[in-house]
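Engineer: missing the sequence, but the structure's below:
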């Protein structure tokens with residue numbers, strides 16, 4: 001068994017099912033090792049598409065998506081998709097197949113420093129050598145899935161890929177679990193609710209990885225709170241719910257901000273400011289309780305009354321048991337806001353309008369169908385207009401926001417869920433990219 005065989009066996013054991021990429025001389029040993037494996041090599045149009053597909057797979061399954069490229073320009077092409085996994089929090093392994101070890105420090109054709117290239121885009125950039133490949137890939141898989149998930153880069157020289165494998169044990173890195181601050185969270189929220197007249201809840205990207213979604217809905221209903229979400233948070237709480245007030249920072253954002261500006265308390269559960277900073281949508285000095293796996297960065301005008309990284313699921317379960325508090329929101333007021341907002345998204349038009357195409361598509365696509373959409377002006381309309389009650393039925397990039405994401409993400413979704421309907425909506429320059 002050579003190191004490429006060992007890599008493939010390690011990926012199999014981790015539950016990886018696909019490796020996305022482009023063939024090249026240094027990549028061939030790894031592709032050859034995949035020939036007899038249930039892990040499938042998927043040929044893509046570009047290395048960028050390979051990384052986008054791997055990011056989508058990582059997001060949909062929780063198992064790191066894997067992409068591979070050759071040295072130099074293949075690696076630079078890969079970075080655009082790896083950046084998506086970095087800022088959209090998707091577990092991913094990016095393997096760059098490099099020149100042979102003796103040439104790594106030489107100035108030769110195509111060679112660049114892959115570690116410097118990937119350092120700002122990954123949780124770790126690891127160098128494969130003859131004796132460490134097995135342990136290094138185990139370590140990379142652990143790092144990629146540790147909260148918050150993200151990409152890990154592994155640089156694989158051609159001679160290392162073909163060298164005899166050296167068995168090694170252990171992942172070489174341990175992690176400290178997020179602190180369980182459930183009781184402290186519950187106390188902070190209970191106290192904040194007592195003095196709030198118009199509390200508002202928001203969820204976001206970190207909440208999409210929580211196992212306590214139903215508990216949060218129980219909390220919302222017990223406290224009778226309106227809630228908003230980010231683009232990535234759509235569908236993880238049912239958008240058909242009477243208390244759903246919309247998606248912040250997208251189409252008709254100023255209309256929604258008029259509503260959220262009425263809040264005197266923001267309860268942010270699994271909100272990741274990588275999508276939109278608090279300063280962009282929260283009225284200055286409004287009290288914010290930030291409950292997530294990571295603390296939020298402070299900023300001018302922010303009043304973060306509770307702000308710590310913690311075990312998010314445990315915190316949400318504790319919240320769901322807080323006794324109901326009264327507030328000044330009324331069901332009639334929330335219903336009127338939803339009706340007004342929906343009408344504003346559909347202005348009168350003598351021609352066939354984009355919002356009409358989306359309404360028809362929403363009617364035709366099954367509830368469990370997946371919509372992937374690229375970056376551009378249409379992204380804002382879809383985020384605000386499209387409604388879903390199903391988690392992970394929308395694929396978009398927000399933290400990274402690179403055009404060219406839509407089609408690769410749609411292909412990835414169809415590979416993961418071959419029986420489900422998958423649609424991609426592309427606008428601006430997305431299809432060309």
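Structural biologist: Nice, I can see it. Predicted model only: the values in this text are computed from it and were never measured.

Engineer: neighbouring contacts of the helix or strand hosting residue 306?
Structural biologist: In this assignment (DSSP states H and E), residue 306 forms part of strand 303-309. Residues from elsewhere that reach strand 303-309 (CB atoms under 8 Å, 6 or more residues apart in numbering): 178-179, 181, 185, 188-189, 192, 285-296, 298. Every C-beta, even on glycine, is put in place using the N, C-alpha and C of the backbone.

Engineer: among these, which ones are buried?
Structural biologist: Using 16 or more other CB atoms under 10 Å as the burial test, the contacts of strand 303-309 include 178, 181, 185, 188-189, 192, 286-294, 296 as buried.

Engineer: And the strands in the stretch 301-433 of the chain?
Structural biologist: For the stretch 301-433 of the chain, the strands defined by DSSP state E, counting those that start in this stretch occupy 303-309, 370-373, 394-395, 422-425.

Engineer: Quickly list what residue 423 is bridged to.
Structural biologist: residue 371 (DSSP bridges).

Engineer: Residue 42 now?
Structural biologist: residue 20.

Engineer: got a list of what it touches?
Structural biologist: 18, 19, 20, 21, 50, 53, 415.

Engineer: quick one: low-confidence ranges for the stretch 51-200 of the chain?
Structural biologist: Along the stretch 51-200 of the chain, the parts satisfying pLDDT under 70 run over 103, 109, 168-174.

Engineer: Tell me where it has helices.
Structural biologist: Along the stretch 51-200 of the chain, counting by DSSP state H, counting those that start in this stretch, helices occupy 73-87, 114-118, 133-145, 158-162, 182-195.

Engineer: Tell me which of the ones you listed lies nearest to residue 352.
Structural biologist: Distance to residue 352, taken as CB to CB, is lowest for helix 73-87 among these, at 32.1 Å.

Engineer: by how many degrees do that closest one and helix 133-145 diverge?
Structural biologist: Orientation check (axes from the mean of the first three to the mean of the last three CA atoms, to 10 degrees): helix 73-87 against helix 133-145 gives 40 degrees.

Engineer: Give me the contact list for helix 73-87.
Structural biologist: Residues outside helix 73-87 that contact it (CB under 8 Å, 6+ apart): 22, 24, 46-55, 58, 65, 67, 69, 90-92, 94, 96, 110, 112, 114, 117-118, 121-123, 150-151, 153, 274, 397, 399-400, 402, 404-405, 408.

Engineer: quick one: buried residues of it?
Structural biologist: Neighbour-count burial for helix 73-87 flags 74-75, 77-87 (criterion: 16+ other CB under 10 Å).

Engineer: quick check, nearest of those to residue 432?
Structural biologist: The shortest approach to residue 432 among those belongs to residue 80, at 14.4 Å (CB to CB).

Engineer: how far away is that closest one from residue 252?
Structural biologist: Distance from residue 80 to residue 252, counting by CB to CB, to the nearest Å: 30 Å.

Engineer: the strands in the stretch 151-300 of the chain, which residues?
Structural biologist: Using DSSP E, counting those that start in this stretch, strands in the stretch 151-300 of the chain cover 151-157, 199-203, 227-229, 244-247, 265-269, 287-292.
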